[in-house]
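Asker: The following block contains a protein sequence and its predicted model.
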Amino acid sequence: DIQMTQSPSSLSASVGDRVTITCRASQSISSNLNWYQHKLGKAPNLLIYAASSLQSGVPSRFSGRGSGTDFTLTISSLQPEDFATYYCQQSYSNHLSFGGGTTVEI
Amino acid sequence: QVQLVESGGGLVKPGGSLRLSCAASGFTFSDSYMSWIRQAPGKGLEWLSYISTSGSTIYYADSVRGRFTISRDNAKNSLYLQMNSLRAEDTAVYYCARITTVTTWYFDDWGQGTLVTVSS
């Protein structure tokens, strides 16, 4: 199975900061990588699909890059509503899998 | 508007069984792949299983293969997860999600989740 490793596992940031989260796959997954935002008590929300495509309705401050094994999610200017946990997810394999998550805290 | 509503969660003893349901509306259910995903307390998201539109293709995570069974009823717009031989480590919030299978596969709609607690 493909293992997804996110770093850091948590980070502290302030409103207005630029934040970058990294996701690494244990083997090449081409661009089959998605990013989700998850807030406590709510359903996860798709942010980015196919490594760099912004889901409809998601603010343009979110962006994704990468292919192969290394990917990043960047929030260009952190807003108060962005404090949450972020997950990457691969869909290269039939055994889908998520990274361990990155919690963005104040 | 897409809606996914899970039900069937609750408290069950180790070794017991539970059947989760997910009622879908706002889209053509029979055209969509569907999946179950869970989040244990203090842990991250864990993909469990997915099922194709007709139910002919099914995959499971190693952690639940042989104990959990995913199924669907397209006439009732419903997705199910039969969970047997439950363990304490199966305690989690269980989400159903719709899979979009265009350029790549991704979970574009999720339910609010149902809590399963496995404890004696």
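Answerer: Looks like it arrived, so ask away.

Asker: What residues does chain B have near chain A?
Answerer: Residues of chain B found near chain A (C-beta under 8 Å from any C-beta of the partner chain) are B:35, B:37, B:44-47, B:50, B:59, B:61-62, B:95, B:100, B:103-108, B:110-113. No exception for glycine: its C-beta is placed from N, CA and C like everyone else's.

Asker: Report the central residue of chain A.
Answerer: For chain A, the residue sitting closest to the mean C-alpha position, by C-alpha atoms, centre = their mean, is A:W35 at 3.7 Å.

Asker: That one: what's it in contact with?
Answerer: A:23, A:46-49, A:62, A:64, A:73, A:86-89 (C-beta atoms under 8 Å, 6 or more residues apart in numbering or on different chains).

Asker: before we move on, what about B:T91?
Answerer: Counting by C-beta under 8 Å, 6+ apart, B:T91 touches B:40-41, B:116-119.

Asker: B:T114 now?
Answerer: Applying C-beta under 8 Å, 6+ apart, the residues contacting B:T114 are B:6-9, B:20, B:93-94.

Asker: go on, B:T103?
Answerer: Applying C-beta under 8 Å, 6+ apart, we find B:T103 in contact with A:49-50, A:53.

Asker: Relative to A:S10, which of those residues is nearest.
Answerer: Nearest to A:S10 among those is A:Y49, at 24.3 Å by C-beta to C-beta.

Asker: how near is that closest one to B:T104?
Answerer: Going from A:Y49 to B:T104 by C-beta to C-beta, to the nearest Å gives 6 Å.

Asker: In chain B, mark out all the helices, start to finish.
Answerer: Ranges of helices in chain B, per DSSP state H: none exist.

Asker: From the centroid of it, which residue is nearest?
Answerer: B:W36 (2.6 Å).

Asker: Can you give me the pLDDT of that residue?
Answerer: In this model, B:W36 is scored at 98, pLDDT.

Asker: does it have beta-bridge partners, and which?
Answerer: For B:W36, the beta-bridge assignment (DSSP bridges) gives partners B:S49, B:C96.

Asker: Please enumerate the strands of the chain.
Answerer: Let's take chain A. A:4-7, A:10-12, A:19-25, A:33-38, A:45-49, A:53-54, A:62-67, A:70-75, A:85-90, A:97-98, A:102-105 (DSSP state E).

Asker: wrong chain, I was asking about chain B
Answerer: So, for chain B - with DSSP E - the strands run B:3-7, B:10-12, B:18-25, B:33-39, B:45-51, B:58-60, B:68-73, B:78-83, B:92-101, B:105-110, B:114-118.

Asker: hmm, who's touching the fifth one?
Answerer: Contacts of strand B:45-51 with the rest of the structure, by C-beta under 8 Å, 6+ apart, involve A:36, A:38, A:44, A:87, A:89, A:95-98, A:101, B:33-40, B:57-61, B:63-64, B:68, B:70-72, B:79, B:81, B:92, B:94, B:99.

Asker: which among those residues end up buried?
Answerer: In the contacts of strand B:45-51, burial by neighbour count holds for A:36, A:38, A:44, A:87, A:89, A:96-98, A:101, B:33-39, B:59-61, B:64, B:68, B:70, B:72, B:79, B:81, B:92, B:94, B:99, counting by 16 or more other C-beta atoms under 10 Å in any protein chain shown.

Asker: ok so, going back, including distance to B:F29 and mean pLDDT, could the strands of chain A go into JSON lines?
Answerer: Compiled in JSON lines, those are given as follows (distance: least, C-beta to C-beta, whole Å; pLDDT from 0 to 100):
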{"stretch": "strand A:4-7", "distance to B:F29": "29", "mean pLDDT": "98"}
{"stretch": "strand A:10-12", "distance to B:F29": "37", "mean pLDDT": "96"}
{"stretch": "strand A:19-25", "distance to B:F29": "31", "mean pLDDT": "98"}
{"stretch": "strand A:33-38", "distance to B:F29": "22", "mean pLDDT": "98"}
{"stretch": "strand A:45-49", "distance to B:F29": "19", "mean pLDDT": "97"}
{"stretch": "strand A:53-54", "distance to B:F29": "25", "mean pLDDT": "96"}
{"stretch": "strand A:62-67", "distance to B:F29": "29", "mean pLDDT": "98"}
{"stretch": "strand A:70-75", "distance to B:F29": "31", "mean pLDDT": "98"}
{"stretch": "strand A:85-90", "distance to B:F29": "22", "mean pLDDT": "98"}
{"stretch": "strand A:97-98", "distance to B:F29": "24", "mean pLDDT": "98"}
{"stretch": "strand A:102-105", "distance to B:F29": "33", "mean pLDDT": "97"}
